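In: Quick one, structure for this:
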Amino acid sequence: MPEPTEEKLSYRLITGPDNRDFCERIHNSLVEGYVLHGSPAATFNGTEVIVAQAIVLPAAIANADAAVANAVDQLENYDDVEAFEGHA
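Out: Numbers count the residues shown, from 1 in each chain. A predicted model of the protein is given here:
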């Protein structure tokens with residue numbers, strides 16, 4: 001677990017063997033305020049199943065959504081159409 005004074009990362013990818021320890025790591029992250037991001041991934045390394053789960057802080061999603069909305073607004077208000085010629 002991060003130190004109380006350590007800033008939390010906005011995005012984390014938790015990986016490890018598919019066991020109780022992995023589930024506890026995900027559980028503890030959820031308790032800390034993270035939310036699941038996407039579906040888990042799983043693979044087999046020849047010995048055991050290895051899993052991965054992305055987690056994010058909700059504020060990071062809100063900030064990213066706001067940044068995208070702002071960028072779209074700026075494009076919609078952009079008058080120089082010729083600057084985009086040849087771009088898909």
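
In: Quick one: the helices in the protein, in order.
Out: All helices of the chain, identified by DSSP state H, fall at 20-31, 58-76.

In: Around residue 40, how many other residues sit close by?
Out: Applying other C-beta atoms under 10 Å, we find 13 residues neighbouring residue 40. C-beta here means a position set from N, CA and C on the backbone, and glycine is covered the same way.

In: how far away is it from residue 57?
Out: Separation of residue 40 from residue 57 (C-beta to C-beta, to the nearest Å) stands at 18 Å.

In: what do you get for residue 32?
Out: For residue 32, the distance to residue 57 - C-beta to C-beta - is 9 Å.

In: who's more crowded, those two?
Out: Neighbours per residue (other C-beta under 10 Å) separate residue 32 from residue 57, with residue 57 holding more: 19 against 12.

In: My understanding was that the more buried one contacts residue 30; is that so?
Out: No - taking contacts as C-beta atoms under 8 Å, residue 57 lies outside contact range of residue 30: 11.3 Å.
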